[in-house]
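1. Structure, please.
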Amino acid sequence: MGVGFLLDTNTIIDYLDNKLTESASILIAESKTNISVINRMELLSWPGAGKQQTTILLKFIKLSNEYSLTEPIINRAIELRKSYKTKLPDAIIAATALVNDFTLVTRNVKDFDKIKGLAVINPHNVKNT
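-> Just a heads-up that it's a prediction; the model follows:
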């Protein structure tokens, strides 16, 4: 398991909509929030977001540690696309997690479970204690 967590876009949306278990919400709230630049792009291009939702998303992004596209992330994403035929946004998110030794937190585990070395958890499976 990685030393920190990288949140996928669906996890961010579920967290902000209070759709996660209490334990998952606490885990996210008490961790340094790490996101990929792809998450910011996906969140802010969400067609269903109104003005209030966009304001909430912008605040969340501002409080997050955002990882840009660096050469190591780009190169790893290229490898992932070639090896696993992963969609480009998912390859960038997975590469960001791998390069920075993060566990990816996503509800779409099946999109990432074949990638060797990538630790993935589904926030909906984090049990309340």
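
2. residues in contact with the least confident helix or strand in the chain by mean pLDDT?
-> Least confident helix or strand of the chain, by mean pLDDT, DSSP states H and E, is helix 22-30 with a mean of 91. Applying Cβ atoms under 8 Å, 6 or more residues apart in numbering, the external contacts of helix 22-30 come out as 5, 7, 11, 15, 18, 20, 105, 123-124, 126-129. For every residue, glycine as well, the C-beta is placed using N, CA and C.

3. For this protein, give me the ranges with low pLDDT.
-> 1-2, 128-129 (pLDDT under 70).

4. Let me see the ranges of the strands in it.
-> Under the criterion DSSP state E, the chain contains strands at 4-7, 34-36, 65-67, 102-105, 120-121.

5. Turn those strands into JSON lines, columns for mean neighbour count and distance to residue 86.
-> Compiled in JSON lines, the strands of the chain are given as follows (neighbours: other Cβ atoms under 10 Å; distance: least, Cβ to Cβ, whole Å):
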{"stretch": "strand 4-7", "mean neighbour count": "23", "distance to residue 86": "15"}
{"stretch": "strand 34-36", "mean neighbour count": "25", "distance to residue 86": "14"}
{"stretch": "strand 65-67", "mean neighbour count": "16", "distance to residue 86": "17"}
{"stretch": "strand 102-105", "mean neighbour count": "24", "distance to residue 86": "12"}
{"stretch": "strand 120-121", "mean neighbour count": "20", "distance to residue 86": "13"}
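
6. could those strands be laid out in a markdown table, adding distance to residue 76?
-> Below are the strands of the chain laid out as a markdown table (distance: least, Cβ to Cβ, whole Å):
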| stretch | distance to residue 76 |
| --- | --- |
| strand 4-7 | 13 |
| strand 34-36 | 12 |
| strand 65-67 | 12 |
| strand 102-105 | 12 |
| strand 120-121 | 16 |
